[in-house]
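J.: pasting a predicted model and its sequence here:
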Amino acid sequence: MSLSITSVVAGREVPGAPGGRLRSVSPARTAEVVADIELGDAGTFAAAALAAREAQPSWSDIPAPVRGRAIAHIGRLVEANAERLARLVTTETGKPYAEALGEVREIIDTCDFFLGEGRRLYGQTVPSEMPDKQLFTFRNPVGVVAVITAGNFPVAVPAWYLVPALLCGNAVVWKPADYAAASARALFDLLTHGGGLPDGVLNLVLADGEQTFAGLGQSLAGGRLDKIGFTGSSAVGARIGELAGRYLQSPCLELGGKNPMVVTPSADIDLAVSAALFSGFGTAGQRCTSLGTVIVHEDVADRFTVRLDEAVRNAPVGDPFAGVVYGPMLNQRFAERFEEYLTWIEPHHRLLGSNGTGRITAQNARPGFVGDPAAGLYYHPVIVAGLRADDALFREETFGPVVGLMTYSDLAEAIRLANAPGYGLSASIFTGDPAEAFRFRRGISAGMVSVNNSTSGAEAHLPFGGNGKSGNGSRQSGVWVLDQFTRWQSMNWDYSGTLQKAQMDVTELIPDETFRLAD
Ligand code: UN1
């Protein structure tokens, strides 16, 4: 079965593929076509921004509690379609079905959180420094929001943006990853149907990177866009930040990671090994929160290394519908990039976790592979031991099933190594010592810290985001994302009937500064 998928602007499908055509295939079975995609171009993007601009005022006139009800209905519709959507996500991206179901759950969790925010979206009443005057704060929608998302989480991460953006009264242009367009279209249909959204409130633009960039530029120059939310690489995030900055906008950026895991002498080693396996190789290492480097104390390094090697060797890899730890790479582009990362392996490295590296084939086989490796884009897992601080594999994000390993001798050194690559998304420590856990938390640059847990797998109502090369400090999820999709407006209301001037007409009580307590 192959779908034909187009952009949707102002409730209408955009015909004629102005940006060309693309065929998306399942990375687990590259002979299987998932969708024929008709791409839009910069003009499609700009038209979508205009449609959003026109639809936004009446959308924001709908009372927030009513918008909250729309989010509640969306959550229910997603729940009723959970297995179908998860199956599509697994087919299109190759992530294991259990992970795809978890991803769909994350949309529902997000709806559960924000349906209540429709009845809150609190402002404050604030005392004034003068009598007969009252101060208030209100949250206003920012207006038109462009959301540009990656395909490794083709539905959950978009929902982190789309659900709160809509709840707050914004209209949206969503540009998903072109290689996960079928999953995106499915989520788009669930949002528009479930929410009963008026035309133009949510628009879907399928386009390649350069057309999207041109469309962003046109929309910003034309005053049709007020905010950009972007999840993707640090390099593209920097370009988007630069463009937005020219229009005095600060985008919400969720970028790459080189997420460290520190294993201390008091760690539960078996627990640390299972966390490293899941963090490093879940989603074939293609999460922004995937484990980059394990930094293990020299006293436990041998024990940890032997066990991790064994766990990775025995991990089931293959058909994503068959209960594996991981399946194929997301698509050809990611497979090629991963092969490039493998060229960063140096003679001083020791390779563990597998009997081979690179593509899994009949000749370069993996014992216990689940299914037919020739059918898809499957890669051997690899642990690179003996990493040094100046290695490219230590410094750069390596999206794929590779984990680095190095040792440390004291916690300060571990923290230094953990911060050294300059990303700052997620970091984890395995320890039985609370002092170590809190010292690590304080010293680490990451926006998210785990103690005795995976670097990946953040819950949907804690602030999500990073620092340094991982982002510009913006946060998604929970109440924190409201600051991305609303702007604070203050109001002062003077009912004294006179012009009371702030700072100048304030009456102060007079202290008796000569007063002293008796000895
Ligand atoms: C991403 O890879 O862009 O914390 C997001 C996690 C997921 C989200 C990852 N809930 O791993």
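T.: Alright, I've got the coordinates.
J.: what about the strands in the stretch 51-200 of the chain?
T.: Shown for the stretch 51-200 of the chain, the strands assigned by DSSP state E, counting those that start in this stretch span residues 125-127, 133-141, 144-148, 171-175.
J.: swap in the stretch 251-400 of the chain?
T.: 252-254, 259-263, 291-297, 350-352, 382-385.
J.: how about these in JSON lines, adding mean pLDDT, distance to Val201 and mean neighbour count?
T.: No exception for glycine: its C-beta is placed from N, CA and C like everyone else's. Converted to JSON lines, these look like this (pLDDT from 0 to 100; distance: least, Cβ to Cβ, whole Å; neighbours: other Cβ atoms under 10 Å):
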{"stretch": "strand 252-254", "mean pLDDT": "98", "distance to Val201": "19", "mean neighbour count": "26"}
{"stretch": "strand 259-263", "mean pLDDT": "98", "distance to Val201": "36", "mean neighbour count": "29"}
{"stretch": "strand 291-297", "mean pLDDT": "98", "distance to Val201": "39", "mean neighbour count": "28"}
{"stretch": "strand 350-352", "mean pLDDT": "98", "distance to Val201": "51", "mean neighbour count": "17"}
{"stretch": "strand 382-385", "mean pLDDT": "98", "distance to Val201": "46", "mean neighbour count": "24"}
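J.: dump the ones you listed to TSV, plus distance to Leu220.
T.: Compiled in TSV, the strands of the stretch 251-400 of the chain are given as follows (distance: least, Cβ to Cβ, whole Å):
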stretch	distance to Leu220
strand 252-254	15
strand 259-263	32
strand 291-297	34
strand 350-352	47
strand 382-385	42
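J.: those strands: which one's closest to the ligand?
T.: strand 252-254 (6.2 Å; Cβ to the nearest ligand atom).
J.: mind splitting the chain into its structural domains?
T.: Residue ranges for the domains of the chain, per automatic domain parsing: 3-255+472-489, 259-459.
J.: start to end distance for the longest one?
T.: Start to finish, the residues bounding domain 3-255+472-489 are 45 Å apart (Cα to Cα, to the nearest Å).
J.: ok, now the shortest one?
T.: Between the opening and closing residues of domain 259-459 there is a gap of 17 Å (Cα to Cα).
J.: what about that domain, near the ligand?
T.: Yes: figure legend: domain 259-459 in contact with the ligand (Cβ under 6 Å from any ligand atom); contacting residues Arg287, Cys288, Thr289, Ser456, Gly457, Ala458.
J.: of the residues you listed, which pair is most distant in space?
T.: Within these, Cys288 and Gly457 form the most distant pair, 12.0 Å apart (Cβ to Cβ).
J.: and those two? which has more neighbours close in?
T.: Neighbours were counted for Cys288 and for Gly457 using other Cβ atoms under 10 Å; Cys288 has more, 28 against 17.
J.: skipping its backbone neighbours, what lies nearest the more buried one in space?
T.: Nearest non-adjacent residue to Cys288, counting by Cβ to Cβ, 6 or more residues apart in numbering: Gly257, 4.9 Å away.
J.: pretty sure the one you found is touching Thr293, no?
T.: No: judged on Cβ atoms under 8 Å, Gly257 makes no contact with Thr293 at a distance of 11.1 Å.
J.: now the strands of the stretch 51-200 of the chain as JSON lines including mean neighbour count?
T.: Output for the strands of the stretch 51-200 of the chain, formatted as JSON lines (neighbours: other Cβ atoms under 10 Å):
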{"stretch": "strand 125-127", "mean neighbour count": "9"}
{"stretch": "strand 133-141", "mean neighbour count": "16"}
{"stretch": "strand 144-148", "mean neighbour count": "27"}
{"stretch": "strand 171-175", "mean neighbour count": "29"}
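J.: out of these, which comes closest to the ligand?
T.: When the strands of the stretch 51-200 of the chain are ranked by proximity to the ligand (Cβ to the nearest ligand atom), strand 144-148 comes first, at 12.4 Å.
J.: for the closest one, packing partners?
T.: Using 3 or more Cβ pairs under 8 Å, 6 or more residues apart in numbering; DSSP states H and E, the elements in contact with strand 144-148 are helix 42-61, helix 156-167, strand 171-175, helix 209-221, strand 227-231.
J.: mind listing what Trp174 touches?
T.: 146-149, 158, 161-162, 184, 188, 202-205 (Cβ atoms under 8 Å, 6 or more residues apart in numbering).
J.: let's see that with 6 Å instead.
T.: Val147, Leu204 (Cβ atoms under 6 Å, 6 or more residues apart in numbering).
J.: residues near Arg53, how many?
T.: Neighbour tally, Arg53, other Cβ under 10 Å: 20.
J.: how about the one 5 residues further on?
T.: Ser58 is surrounded by 12 other residues when neighbours are defined as other Cβ under 10 Å.
J.: could the strands of the stretch 51-200 of the chain go into JSON lines alongside mean pLDDT and distance to the ligand?
T.: Listed next are the strands of the stretch 51-200 of the chain as JSON lines, based on pLDDT from 0 to 100; distance: least, Cβ to the nearest ligand atom, whole Å:
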{"stretch": "strand 125-127", "mean pLDDT": "98", "distance to the ligand": "36"}
{"stretch": "strand 133-141", "mean pLDDT": "98", "distance to the ligand": "25"}
{"stretch": "strand 144-148", "mean pLDDT": "98", "distance to the ligand": "12"}
{"stretch": "strand 171-175", "mean pLDDT": "99", "distance to the ligand": "16"}
